[in-house]
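Colleague: here is my input, please return the structure:
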Amino acid sequence: MAQGQLAPTRADWLALAHEDALDPALPICDAHHHLWDRPGYRFLFDEILAEVRCGHDIRATVFVDCGAYYRSRGPELMAQVGEVEFANGIAAMAASGAYGPCRICAGIVSSADITVGAEVARVLDAQMAAGGGRFRGIRVSTKWD
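Modeller: Okay, here's the model as predicted:
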């Protein structure tokens with residue numbers, strides 16, 4: 001398997017174990033999750049809805065950059081803004097209340113190329129605008145560098 005490639009989801013293996021919530025009344029914010037649709041591994045709105053409905057009192061989640069849904073057009077520097085736009089769209093669906101009380105993607109953490117110096121401000125400004133008040137900041141994964 002190539003670096004960064006995910007193994008396909010094995011529903012049969014996942015079904016082998018079930019754990020009850022230890023404290024179903026404890027309010028929880030899932031502080032780190034991803035959403036993507038990659039070969040053999042789909043985890044989008046329906047899948048996270050199933051996870052937050054597992055018996056815990058998950059009130060909100062934070063989407064963290066995973067290199068999915070980057071813009072395919074425009075300046076490469078601004079590509080990550082597409083992922084913020086995507087996550088904010090999911091957040092808007094959840095905020096409607098039509099899918100339950102959990103606010104999925106209530107917070108959004110993206111990425112940006114900080115090696116471009118002051119030019120990164122344009123990216124951050126665009127991410128803040130695209131995040132609809134949900135954009136919280138960036139992370140820089142150095143393990144690939």
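Colleague: doesn't residue 25 make contact with residue 56?
Modeller: No - applying C-beta atoms under 8 Å, one finds residue 56 not in contact with residue 25, separated by 9.5 Å. (Glycine included, C-beta is placed from N, CA and C.)
Colleague: how near is the residue positioned nearest the centre of the chain to residue 77?
Modeller: Centroid-nearest residue in the chain: residue 63, 2.8 Å away (criterion: C-alpha atoms, centre = their mean). Between residue 63 and residue 77 the distance, using C-beta to C-beta, to the nearest Å, works out to 21 Å.
Colleague: what's the answer for residue 120, then?
Modeller: Applying C-beta to C-beta, the value for residue 120 to residue 77 is 8 Å.
Colleague: quick one: low-confidence ranges for the protein?
Modeller: By pLDDT under 70, the weakly predicted segments of the chain are 1-6, 143-145.
Colleague: common neighbours of residue 120 and residue 77, please.
Modeller: Residues touching both residue 120 and residue 77 (C-beta atoms under 8 Å, 6 or more residues apart in numbering) are residue 113.
Colleague: so what touches the longest helix seen in the chain?
Modeller: Once the chain is assigned using DSSP state H, the helix that runs over the most residues is helix 81-95. Contacts to helix 81-95, defined as C-beta under 8 Å, 6+ apart, come from residues 35, 44-45, 63, 65-72, 99, 102-106, 108, 110, 123, 126-127, 130-132, 134-135.
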